[in-house]
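Participant: Just need the structure, nothing else, for what follows:
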Amino acid sequence: MKQAIDIEDLLVWAYRDMEADKVAGMGWTGPGDLASSWGAVDRASVLGAVVRVSPYELLPGDCDDAAMVHDAVMALDAAFAAIDADTGTTMVLDRAMIEGEGGRVEEFPGERARITGADGMVTLARKITISVHLLLHARSSTRPDCYADVARRRGRPSRDGEIAPGLTFAEMMHARAVYAVWHAALGILATDLTDRLTRWAPQGPKVSDSPWLLRTGRVLEAVSSDNSAAGKPLKAKRKRRV
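Facilitator: Predicted coordinates:
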């Protein structure tokens, strides 16, 4: 029987314990290839990577599972976040959604992406390469900082100047957009990896999708800087206001 595991824990296992990004494509396959943690250390001299001590016993097929997790993470679309100057909300879109609605995305080195809607309206947006965030946070067993305490402490922060030492409103909202995309990506991965792994049965993320709100647990909805306002549910799974 497969072992149920929270998708966030699965990514930590794949990247921190198995270092899937370093050994992907190196031929770590085959029954008994890594029958024990000592075998993993011995194999490190060949692969040039060290498998860290893990709370999970290393089993045949684990390397294939880790590689499949890595492939799924790398296949995720990047997202684009743009702050509405009038409302202070942030719209997060992915390329497939933009192009599916008749728009287009243009990217320029060192500049914000230019999103042109079907109506010709142009929006400048910051790119969120979510695969990088997933990998780095899983490797260190951390989560994106969304400055939840700022909203809880201050209610509705001002959009002018700093809202906390060294933190502007725009920076906070972008951080929350990154967190929202990270959380949505966890849910997408849990679904995409269902019935594809030998050992694991991925479960949706237990962590809150909006920790800056007083009431949490509402998945894929609009979130603003006001921690007391209920969000507006969105129909599209990768389109949300932050």
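
Participant: From now on I want contacts and neighbour counts done on CA atoms only, so please keep to that.
Facilitator: Fine.

Participant: Can you give me the buried ones in the longest helix seen in the chain?
Facilitator: Longest helix in the chain, counting residues (DSSP state H): helix 169-192. Neighbour counts over helix 169-192 (16 or more other CA atoms under 10 Å) mark 169-170, 172-190 as buried.

Participant: immediately after that helix, which helix or strand?
Facilitator: Along the chain past helix 169-192, the next helix or strand (assigned with DSSP states H and E) turns out to be strand 200-203.

Participant: So what's the gap between that next one and the chain middle?
Facilitator: Relative to its parent chain, strand 200-203 has a centroid offset of 17 Å by CA atoms, centre = their mean, to the nearest Å.

Participant: What strands flank it, and is each parallel or antiparallel?
Facilitator: strand 3-6 (parallel) (DSSP bridges).

Participant: list the buried ones in the partner strand?
Facilitator: 5-6.

Participant: How about stretch 191-198?
Facilitator: Within stretch 191-198, judged by 16+ other CA under 10 Å, the buried ones are 193, 197.

Participant: Strands of the protein, start to end?
Facilitator: 3-6, 79-83, 90-94, 104-106, 113-116, 122-128, 162-164, 167-168, 200-203, 240-241 (DSSP state E).

Participant: Take these and write them to a markdown table, including distance to Leu135 and mean pLDDT.
Facilitator: Shown next, in a markdown table, are the strands of the chain (distance: least, CA to CA, whole Å; pLDDT from 0 to 100):
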| stretch | distance to Leu135 | mean pLDDT |
| --- | --- | --- |
| strand 3-6 | 16 | 96 |
| strand 79-83 | 16 | 90 |
| strand 90-94 | 19 | 86 |
| strand 104-106 | 25 | 95 |
| strand 113-116 | 23 | 95 |
| strand 122-128 | 13 | 93 |
| strand 162-164 | 28 | 78 |
| strand 167-168 | 25 | 88 |
| strand 200-203 | 17 | 97 |
| strand 240-241 | 22 | 50 |
